[in-house]
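Undergrad: pasting the structure only:
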């Protein structure tokens, strides 16, 4: 089976006032289908930037310098380079095919909208056709039963609604990704033009929800879509085990606790059943018992939805709990990738070993790693870890170690192997 | 890179702030070099009194003897605006520094200690703020007698409440910071905590406000002088000079702008002075606010 | 004297003001009746989740906050404590009682009277970025306690500062720098150096490593170990990470919603927890061992608000073993073996 994501030679640099920071340096990573890959690293390891690169959300002054992120598209049955897509195409993917959960649940939620509104927004943006077809079904059923005077009055309105929803369902989505980036420029232009003409001719212009929602006569149309979205939202909240979902839907973020907010954010991310869920330290700010609940939720998501999860954390315990495979990063580079059991029972890279030793466990001497984390502006040449490595050799000082498969499905980037 | 160097560099980079800096620098030079640019004539006792060349009322246009012309009563405009720069700086700096002092002391007491002290001080500031500032200033100057000193006192009395409020607000915020609590935990006295920890971190918005206000003070002082409540007649003060020009703003029929120099020149000096400080104040604000975010 | 810190019935309630006139309409009972003893030379770990009151307890103990009620005894002879207790239970308002309280009970001290105490007890905050004045050079930050208490003569201050900074692992060349120019771990070291300046006997740490990376955390913990044995310190260590508590502390107290629910030695608490909350806390902690995933007790629900704690045992709404008794009467700490105390009607 093809890997869902294949990152090759990703390099992300930040051009700051003080100098150039190599956030990610030549990263090669695979995320397989239906697996939970954990990315473990400390501050400055580049793990968050890797995740943001997949979604092309790198903030200024960062830039993705080079590399490719191949995403296996189910419909097209082939790989697409996410770094080469247009912004429109990326927007169609974000939230729909690849979704992200951030560390601070409070920061990801807009404080002036209710939880329900925010999750519904995801549905309204990406699942308009589905919502329209559901709305159409409802309207049709109203048309069938209605014999009361009210129904007769409303009948033509409903019929019109039904036709409208029909059009929406049949219409191509406004920002449908056309993965034609390998087509020459003029051909792409040509196809876009044809598309525009087609849309105009059939008058099946996708109705911008916000625009329609403003016009008084047409507000009713949107109302049904919103209602449908709300129903889906409540289902979604129930599936992330938020108690009393029907009431929580109308609550504002500040009325919820940290754990509930994080669940709401997860519901937002899962709304469109993405193929890849990126979770950037989602439980770091939560209490231990709440963290346990949320990790349990992640495990259930894994089992039920069949999505891949990219789980970023600095906590090795959490990685052991939730992940199938683990990747360890240091100073923008990958050190070791292995299945979770192999990684913890037989760590190969000296950094991984040192990290495991440094976790405080009862009855064990705390081993520290000498030195400090690599300076982001001026990282050590060769292997980034060599100044702190107990097994450093001469070659480590000037040659970058390549990622090599040393045992079955166990890759290490170290000159020892 | 030290804090000051970084600030300096950012000041120079922004084109607008550079303009402000240049303008103010020019004014400083004029103020310092006043005795050389416009030397007082022989035997003139008080350099701040503008020399008169005659006693006619009608202002004379710029000529060889009087570069900017003369205003009502034949006071030399050039001399007036050059020495007026000194006056402007003096008024502004005195008013602002005393206001800052009073505002900081009262605002700190109110903000840091809270409770009754806070209530009392805030109610006092409320009382002062209830009066329209210009009217209050005028009333005070009338009571104190017309002179530049009364103008300064009046402005101080009118201005300090806003500073007290501003500082108090920032102190309320800084007071809750961890390092303030840590300082108390070390056993520092309240005085020490305020001076060493709270104020240095809370004062920046107030300082920015102060730099913006330098222009406003000069403007208000000029307004008071224009109304006849400021500097004594013949004093080298921009507002004073606009007061002289009051009767000559519009010339005779057919030549409405005949006496433009009497109005425009002092007005332009005021304008550029205020503009320069405003630009500088804006630049300070831009530097000090995002810096906190950058770190 | 073996006991250094003795806290009895400590309560810290923060009033909630509401309504038009801002009257007190309730209170957040952050700490609600805590009795705790810390012996000299002990490393007590205070464990609990957010909202349980551990930070408030530490800050009240170190008198950064005035307690609502209760007693705080720091290095007070047992005889005195006994006498106070007798006088109190006799329920008369004797002047002797008042005198003793004013002399020995830290809860009654304020202002300048606390100064000598401040030399002997310090608190290290959780976030080193905000606990250091961003506009002060680190040499001034560390020198401040020396200057306030005049520990060393003026001329020696700089040398002492250098010594302190070197002891915590920073080089002397960085004296003139500002806090933001250091990394998180270094900043925490600066805060530790500042706490050590007056050679205190007792230091309370509020989650000092929670904002730090794993490798840095290990360095700081080792530093704390060294300092403790070198200077003969007593530690109160607050953390929500059980693994740390288990590995470095020699006594543990578990808090929930303003009360201590269990205390004992680490082996007792972690291998034989007797309180259901401790048990679920331990079970919920992820361990870097993929084989130990099963057998979790996932605690339902959320922590109730400290403004409105449940009646009786605070934990009963979430407890699998709760009975009617638990919702009516509040359990007290009782000895269940060795030094192991539990506050539960149905301990495990």
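TA: Received, thanks. What you see is a predicted model, and the numbers here were worked out from it, not measured in a lab.
Undergrad: mind listing what's buried along stretch B:164-178?
TA: Judged by neighbour count using 16 or more other CB atoms under 10 Å in any protein chain shown, the buried positions of stretch B:164-178 are B:164-172, B:174-175, B:177-178. All C-beta spots, glycine's among them, are computed from the backbone N, C-alpha and C.
Undergrad: take those and lay them out in CSV including pLDDT and distance to chain A.
TA: Listed next are the buried residues of stretch B:164-178 as CSV, based on pLDDT from 0 to 100; distance: CB to the nearest CB, whole Å:
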residue, pLDDT, distance to chain A
B:164, 93, 32
B:165, 92, 28
B:166, 91, 27
B:167, 92, 29
B:168, 93, 27
B:169, 91, 23
B:170, 91, 24
B:171, 93, 27
B:172, 92, 22
B:174, 91, 24
B:175, 91, 24
B:177, 91, 21
B:178, 91, 18
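Undergrad: around chain A, which positions in the stretch 151-300 of chain C sit nearby?
TA: Counting by CB under 8 Å from any CB of the partner chain, the stretch 151-300 of chain C comes close to chain A at C:183-185, C:213-219, C:221-222, C:240-244, C:246-248, C:266, C:270, C:280-281, C:283-293, C:296, C:298-299.
Undergrad: quick check on those residues: which are buried?
TA: C:183-185, C:213-219, C:221-222, C:240-244, C:246-248, C:266, C:270, C:280-281, C:283-290, C:296, C:299.
Undergrad: what pLDDT does whichever residue of the stretch 51-200 of chain B sits closest to chain C get?
TA: Among the residues of the stretch 51-200 of chain B, residue B:187 lies closest to chain C, at 3.6 Å counting by CB to the nearest CB. Here, the pLDDT recorded for residue B:187 equals 89.
Undergrad: also residue A:341?
TA: 90.
Undergrad: how about the contacts made by it?
TA: C:290, C:291 (CB atoms under 8 Å, 6 or more residues apart in numbering or on different chains).
Undergrad: one more time with 10 Å
TA: Contacts for residue A:341 (CB atoms under 10 Å, 6 or more residues apart in numbering or on different chains) come out as A:320, A:324, A:325, A:326, C:289, C:290, C:291.
Undergrad: which parts of the stretch 101-250 of chain B are helices?
TA: Taking DSSP state H, counting those that start in this stretch as the criterion, the stretch 101-250 of chain B contains helices spanning B:115-130, B:133-144, B:148-174, B:178-186, B:190-192, B:199-202, B:204-226, B:238-244.
Undergrad: how far away is the nearest residue to residue A:380 once chain neighbours are set aside from residue A:350?
TA: In space, residue A:380 comes closest to residue A:387 once its chain neighbours are excluded; the distance is 5.3 Å by CB to CB, 6 or more residues apart in numbering or on different chains. From residue A:387 across to residue A:350, the span is 12 Å (CB to CB, to the nearest Å).
Undergrad: how about residue B:242?
TA: Counting by CB to CB, the gap from residue B:242 to residue A:350 is 79 Å.
Undergrad: can you pull the contacts of the residue of the stretch 1-150 of chain C found nearest chain B?
TA: Closest to chain B within the stretch 1-150 of chain C is residue C:118: 3.6 Å, counting by CB to the nearest CB. For residue C:118, the contacting residues are B:184-188, C:62-64, C:145, C:148-149, C:198, C:200, by CB under 10 Å, 6+ apart.
Undergrad: between these, which has the most around it?
TA: residue C:145 (27 neighbours; other CB atoms under 10 Å in any protein chain shown).
Undergrad: what sits against that one?
TA: Counted by CB under 10 Å, 6+ apart, residue C:145 has contacts B:182-183, B:185-188, C:118-119, C:122, C:151, C:164, C:193-200.
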